[in-house]
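Engineer: Here is a sequence with its predicted model. Questions after.
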Amino acid sequence: MRATFLKFAAGLSAVAILAPAGHAATYDTLTGEAPIVVAHRGASGYLPEETLGSYELAIRLGADYIEPDVQMTSDGHLVAMHDSTLTRTTDVEDLFEQRNGSYRVGDFTLAEIKSLTVNPTGALSKPDSTYPGFTPSMADPYKVPTLDEVLGFLADYNSDNGTSVGIYPESKHPFDAEKNAKIVQSLKNHGFTDATDKVILQSFARESVIDLGNLLGQNGMIAEVAQLGSVRQEEGAYGVSGSDGFYNLESIAQIATGVGVSYGGITEAFIREAHGLGLKVHAYTFRPLSEEEAFAMMTPLLSWGLDGFFTDYTDFGRTVVDAMQPAPVPLPAAMPMLLAGLGGLAWMRRRKKAA
Ligand code: G3P
Ligand code: CA
């Protein structure tokens, strides 16, 4: 009897070793894993958005993924910057004259952009860009970083701390083949090439979603790709309206692994239809100003099986997800996992004997 118990326990521990994290219990998400918390432009509610300091704080606050938006400078460098112009977030107007009647990122060189400082814009940010108890680990934490610098920072952080925080870069529309190729090359250069490296690429432009998927394939890389936009229903079919039109979920499922959609339009039926087609649903952008508000905003969508969300306040999002009670794995689903675990144990024993 005792032996039987021990064997059973060994099988279970093998399940724990071999099953993907989160499968011991199940959520109503597509994979059964916990919804992901995506740090939207870093901890942008507290610190200057899309900066290394902001990404570092977001990770410390519990982000599963950090999100950089990607724009290209006049000399072809990729930088983390949401807007196509530099005015809202930086001190560019104090330091430079307009170019071509504006302050477009694409009209400035990387060296010029590096001379700027990013200002705090989040609703809970402080004018001196501080956050209680947090000291950024890098020099100049509030400069505009290149995508290379964001990836280098994340790779080092994960390796130094034994973490596996992912990255969710957005190729800003309009479609730009050169920019997409550089994004994928940069990921490759920094070793973000496999599913375990947790990369999700995203764009509002369908052409970019297709292009990014093709580039991943050509480079032998594995990553998820999300079509961004707003939820729409046309002729009875749910879909997403991106920067270049409406596409139904069936057609999105041919080119992407998920959709990133504005949270206000999400319904339970939309999530169910997306999941039926194998698509994850990520919501943008939750900006609750308190934990209480976060629970009120996020709980309904999470109860419908939302797979993750973008938020400016990683800490509030983390609290809400951690408070969710996953259902125990029901027996019919648990049995294959147990058998897989026992099979894995036998495989490990055979390897040990052979060695
Ligand atoms: O990428 C998801 C979300 O960030 C889309 O909105 O405008 O903040 O990039 P935006
Ligand atoms: Ca974005």
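Structural biologist: All right, it came through fine. Ligands and ions are numbered 1, 2, ... in the order given.
Engineer: could you pull out the helices for this protein?
Structural biologist: Remark: helices assigned in the chain by DSSP state H are 2-18, 52-60, 92-95, 110-114, 147-161, 177-189, 206-218, 249-252, 268-276, 291-303, 314-322, 331-354.
Engineer: between those helices, which gets the lowest average pLDDT?
Structural biologist: Looking over the helices of the chain, mean pLDDT reaches its minimum on helix 2-18, with a mean of 24.
Engineer: what's the spacing between Glu49 and ligand 2?
Structural biologist: Distance, Glu49 to ligand 2, by CB to the ion, to the nearest Å: 10 Å. All C-beta atoms are positioned from the backbone trio N, CA, C, and that covers glycine.
Engineer: ugh, wrong one, Thr117
Structural biologist: Thr117 is 22 Å from ligand 2, by CB to the ion.
Engineer: and Gln227, what does it touch?
Structural biologist: By CB atoms under 8 Å, 6 or more residues apart in numbering, the contact set of Gln227 is 202-203, 206, 209, 240, 242, 247, 252, 255-256, 258-260.
Engineer: Make a markdown table out of the residues you listed and add neighbour count and distance to ligand 1.
Structural biologist: Converted to a markdown table, those look like this (neighbours: other CB atoms under 10 Å; distance: CB to the nearest ligand atom, whole Å):
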| residue | neighbour count | distance to ligand 1 |
| --- | --- | --- |
| Gln202 | 27 | 5 |
| Ser203 | 31 | 9 |
| Arg206 | 24 | 15 |
| Val209 | 26 | 12 |
| Val240 | 30 | 12 |
| Gly242 | 24 | 11 |
| Tyr247 | 23 | 17 |
| Ile252 | 24 | 15 |
| Ile255 | 16 | 17 |
| Ala256 | 29 | 13 |
| Gly258 | 23 | 12 |
| Val259 | 31 | 11 |
| Gly260 | 28 | 5 |
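Engineer: tell me which of the residues you listed is nearest to Val281?
Structural biologist: Val281 lies nearest to Val259 out of the contacts of Gln227, by CB to CB, at 5.8 Å.
Engineer: From start to finish, how long is stretch 241-258 in a straight line?
Structural biologist: With CA to CA, to the nearest Å applied, stretch 241-258 spans 14 Å between its terminal residues.
Engineer: does ligand 2 sit close to that stretch?
Structural biologist: No: Stretch 241-258 does not reach ligand 2 (CB under 5 Å from the ion); its nearest approach is 12.1 Å.
Engineer: can you list the residues that contact that stretch?
Structural biologist: 173-175, 200, 203-207, 209-210, 213, 224-232, 234, 237-240, 259, 273-274, 277-282, 307.
Engineer: For ChimeraX, write a command that selects the buried ones of these.
Structural biologist: Only the buried entries of the contacts of stretch 241-258 go into this ChimeraX selection, using 16 or more other CB atoms under 10 Å:
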select :173,175,200,203,204,205,206,207,209,210,213,224,225,226,227,228,229,231,232,238,239,240,259,273,274,277,279,280,281,282,307
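Engineer: near ligand 2 too, which of the contacts of stretch 241-258?
Structural biologist: Restricting the contacts of stretch 241-258 to those near ligand 2 - CB under 5 Å from the ion - leaves none.
Engineer: Fine by me, thanks again.
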